[in-house]
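# Predicted coordinates and the sequence they were generated for:
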Amino acid sequence: MRGLIIKDFLFIKNNYKTTLVMFIGSLLLSIAIGNYLIAISTVPLILLVSSISTFQTDEFYNTEAFTLTLPLSREKIVLSKYIFTLIMTLVSTYSKISNILIISVYRFSNILINIFNY
């Protein structure tokens with residue numbers, strides 16, 4: 001089961017170019033609009049989309065036929081997908097919470113600077 005989870009992480013690692021293009025596109029869009037929050041907010045979304053793409057890739061390459069030959073029950077194969085999705089959801093949530101905290105600290109420090117400059 002651990003091997004199936006590692007397989008999904010290796011798939012995401014090997015497709016970093018697509019992820020990088022998506023992030024650069026959101027960064028350019030945020031620069032064009034003048035709102036940096038777009039680029040920051042897309043990081044958790046990109047993480048979740050990349051976890052969903054592992055399902056599509058498994059279906060496209062018919063990986064289920066290979067995984068069924070492994071000495072794992074169907075329940076453990078499905079459980080490995082759930083665990084991978086849960087891990088990616090937790091990483092995405094952590095990323096979003098840290099982004100919110102960074103933005104809050106930045107805005108609060110700007111408020112304090114404006115208060116003490118007067």
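Now that the structure is in, tell me what you want to look at. The shown structure was predicted, so the numbers you read here are calculated from the model rather than taken from an experiment.

# the helices in the protein, which residues?
Assigned by DSSP state H, the helices in the chain fall at 2-14, 16-33, 37-60, 63-67, 74-117.

# hey, which of those is tucked in deepest?
With neighbours taken as mean count of other CB atoms under 10 Å, the helices of the chain reach their highest mean count in helix 37-60, at a mean of 16. All C-beta spots, glycine's among them, are computed from the backbone N, C-alpha and C.

# Average pLDDT for it, rounded please.
Here helix 37-60 scores 86 as its mean pLDDT.

# and Asp8, what does it touch?
Applying CB atoms under 8 Å, 6 or more residues apart in numbering to Asp8 gives the contacts Ser51, Thr54, Lys81, Phe84.

# same question but for Asn99, I mixed them up
Applying CB under 8 Å, 6+ apart, one finds that Asn99 lies in contact with Ile40, Ser41, Val43, Pro44.

# let's see it at 6 Å
Ile40 (CB atoms under 6 Å, 6 or more residues apart in numbering).

# can you check Glu75 too?
Per CB under 6 Å, 6+ apart, neighbours of Glu75: none.

# Would you mind measuring from it to Asn117?
Look at Glu75 and Asn117: by CB to CB, to the nearest Å, they are 62 Å apart.

# cool, Leu86 as well?
Distance of Leu86 to Asn117, computed by CB to CB: 46 Å.

# do the same with Lys96
32 Å.
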